[in-house]
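Peer 1: Here is my input; please provide its structure:
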Amino acid sequence: MEGQGSIGVVVPMPVVFVHGVGNHDEEKARNALRFRLKMFSKFLLPVINTVPREDAVLLPWWGKEGALPRWGHACRPGLTESLGGVDDAHLVQLLAAAEPPQSGRTNDVILDTARDSLADAVDLLYSALDVDSCSDDELEELATLAVPLAAYCERYRQFDPAQRFWDDVGDDSSLVEAFVGAGREPGPSGETLGGGGALSRAGKWFEGTARQLQIALVGTPTRLSAGGLRRLTDDRMQEFLGDVFKYLAMRGTPENPGRIVEIVLDDLRTAVDGAPDGEPLVVVAHSMGGDIVYDIASHFDPKLVIDVLVTVGSQVGLFAECSAFHGVPTDLPAPDRRKVPARANIRTWINVVDRSDILCYSVKPVFEGAEDYMYESGALWAHAAYFKQPNFYSRLAKRVQAAVT
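Peer 2: Residues are numbered from 1 along each chain as shown. Presented below is the predicted three-dimensional model:
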């Protein structure tokens, strides 16, 4: 059975991904989710003993029921220009406004970042990729390369090189070659990332991305005015507030749930009913998706069992503090109980927190049985970039593996 809002072919699956706000356009949502599916199949499915396949992840698309700006953001004061509607353009503007790396800033954006953190350089490359323009084969190559890149970054963190590898890397193009080339890579003796011809298209995508960042950032001021920052964030904040307001106003009751609850709940039940015996149900929820899933688990269907709930860049803690959940006692905190009681139907709760993400909140101070895990990107674009970054998937897979074993 296919859930009412699902994107893609649905078969028995152990993973459900619930997206966040602003996913109102189905075609754009499909494009964004194509790459996400491949990254889940490379990193997450293997650690829960599931044969990696893209149709093993159920994707309830509730964005069509979100709040569409009826006047096209006309309420924003001074709407006289557009910075572009795609994420990579937005990221370039935010990158220009970010603090420069400790080593300084040159035209080689990726290399500058690598001097501070190799993992951040890899994640920046992936965050800036225009995955909407990639074919399915190209996305497969990029996702395949992400696995050894993330593993290499982890090994490099544990290695103290006598000579910094970037001393022999002169520019972004050379760094990209080091990432995907066939020769020996800097690091502990004998380590290579492999690559070569099979990944040559991925290398070309990275080189093109690095060049675009260079061109876009030449001569760009490193700090934004308050007005400029508002232009960068206003549409996204309106999308967030609009979807939140509409969800809270129209979420309904357990007997008659609203459309957003109904779409997500149908797919959660489909996943439970179709899961093979002994296979855990893992629910990954981004941003407001986490609020919806917790609302379902605590109020709309408290009998629904989730083996591992992963909330990423979410506001569940904020919603609870503001008494927005029906399933949270209103008399907390109290002398005899300082936190919301743990839910038996959420067996493990992992909450990913990036302090650079202005829409991200902790849950451990508010909920029993929940753990916060820090993912420090230091990036202004943190909220939108989690699910494009290889190192995020690598760390997430390790947490989920520990929870199911």
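Peer 1: all helices for this structure, in order.
Peer 2: With DSSP state H as the definition, the chain shows helices at residue ranges 26-39, 45-47, 87-97, 109-116, 118-128, 136-157, 172-180, 200-217, 226-250, 259-274, 288-295, 316-321, 382-385, 390-404.
Peer 1: So what's the residue count around Arg259?
Peer 2: Arg259: 17 surrounding residues under other C-beta atoms under 10 Å. (Each C-beta comes from the backbone N, C-alpha and C, glycine too.)
Peer 1: cool, and the one 10 residues further on?
Peer 2: The number of residues packed around Arg269, counting by other C-beta under 10 Å, is 15.
Peer 1: For the residue lying closest to it once chain neighbours are set aside, give me its contacts.
Peer 2: Sequence neighbours aside, Leu304 is the residue nearest to Arg269 in space, at 7.0 Å (criterion: C-beta to C-beta, 6 or more residues apart in numbering). Taking C-beta atoms under 8 Å, 6 or more residues apart in numbering as the criterion, Leu304 is in contact with Leu265, Leu268, Arg269, Val272, Ile296, Ala297, Asn345.
Peer 1: what's the fourth one in contact with, if anything?
Peer 2: With contacts taken as C-beta under 8 Å, 6+ apart, Val272 has the following neighbours: Leu281, Leu304, Val305.
Peer 1: For the second one, grab phi and psi.
Peer 2: Backbone dihedrals for Leu304, given as degrees, to the nearest 10, come out at phi -70, psi 120.
Peer 1: likewise the last one?
Peer 2: Backbone torsions for Val305, taken as degrees, to the nearest 10, come to phi -100, psi 120.
Peer 1: need the contact list for the nearest residue to it once chain neighbours are set aside.
Peer 2: Leaving aside its chain neighbours, Val305 sits nearest to Asn345 (4.9 Å; criterion: C-beta to C-beta, 6+ apart). By C-beta under 8 Å, 6+ apart, Asn345 lies in contact with Ala297, Pro302, Lys303, Leu304, Val305, Ile306.
Peer 1: One more pass at 10 Å, please.
Peer 2: For Asn345, the residues meeting the contact criterion (C-beta atoms under 10 Å, 6 or more residues apart in numbering) are Ala297, Ser298, Asp301, Pro302, Lys303, Leu304, Val305, Ile306, Asp307, Leu309.
Peer 1: So which of those residues belong to strands?
Peer 2: Cross-referencing these with the strands (criterion: DSSP state E) gives Ile306, Asp307, Leu309 as the overlap.
Peer 1: Serialize these to TSV and add fields for pLDDT.
Peer 2: As requested, the ones in strands among the contacts of Asn345 are exported to TSV (pLDDT from 0 to 100):
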residue	pLDDT
Ile306	95
Asp307	94
Leu309	97
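Peer 1: follow-up on the earlier one: show the buried residues in the contacts of Asn345.
Peer 2: Neighbour counting with 16 or more other C-beta atoms under 10 Å marks Ala297, Ser298, Asp301, Leu304, Ile306, Asp307, Leu309 as buried within the contacts of Asn345.
Peer 1: Now the two most distant members of those.
Peer 2: Using C-beta to C-beta, the buried ones among the contacts of Asn345 span at most 16.4 Å, a distance reached by Ser298 and Asp307.
Peer 1: distance between stretch 323-340 and the chain's centre?
Peer 2: Between the centre of stretch 323-340 and the centre of its chain there are 29 Å (C-alpha atoms, centre = their mean, to the nearest Å).
Peer 1: what comes up buried for it?
Peer 2: Going by neighbour count (16+ other C-beta under 10 Å), the buried part of stretch 323-340 is Ala324, Phe325, Val328, Lys339, Val340.
Peer 1: And the furthest pair within the residues you listed?
Peer 2: Between all members of the buried residues of stretch 323-340, the longest pairwise span (C-beta to C-beta) is found for Ala324 and Lys339 and amounts to 16.6 Å.
Peer 1: so where's this protein uncertain?
Peer 2: For the chain, the stretches with pLDDT under 70 are 1-13, 50-54, 70-106, 159-168, 181-200, 213-236, 275-278, 335-336, 378-381.
Peer 1: unless I'm mixing things up, Leu111 is touching Phe179, no?
Peer 2: No. Contact between Leu111 and Phe179 fails when scored by C-beta atoms under 10 Å: they sit 11.3 Å apart.
Peer 1: got any residues that touch both of those two?
Peer 2: When contacts are counted by C-beta under 10 Å, 6+ apart, Leu111 and Phe179 are jointly contacted by Ala121.
Peer 1: still on that earlier bit, would you format the ones in strands among the contacts of Asn345 as a markdown table with distance to Pro333 included?
Peer 2: Putting the ones in strands among the contacts of Asn345 into a markdown table (distance: C-beta to C-beta, whole Å) gives the following:
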| residue | distance to Pro333 |
| --- | --- |
| Ile306 | 25 |
| Asp307 | 28 |
| Leu309 | 23 |
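Peer 1: ok, Tyr126 - how many residues close by?
Peer 2: By other C-beta under 10 Å, 27 other residues sit near Tyr126.
Peer 1: so who does the closest residue in space to it that isn't next to it in sequence touch?
Peer 2: Taking C-beta to C-beta, 6+ apart as the measure, Tyr126 lies nearest to Lys388, with 4.9 Å between them; neighbours along the chain are not counted. For Lys388, the contacting residues are 32, 35-36, 39, 87, 91, 123-129, 131, 142, 146, by C-beta under 10 Å, 6+ apart.
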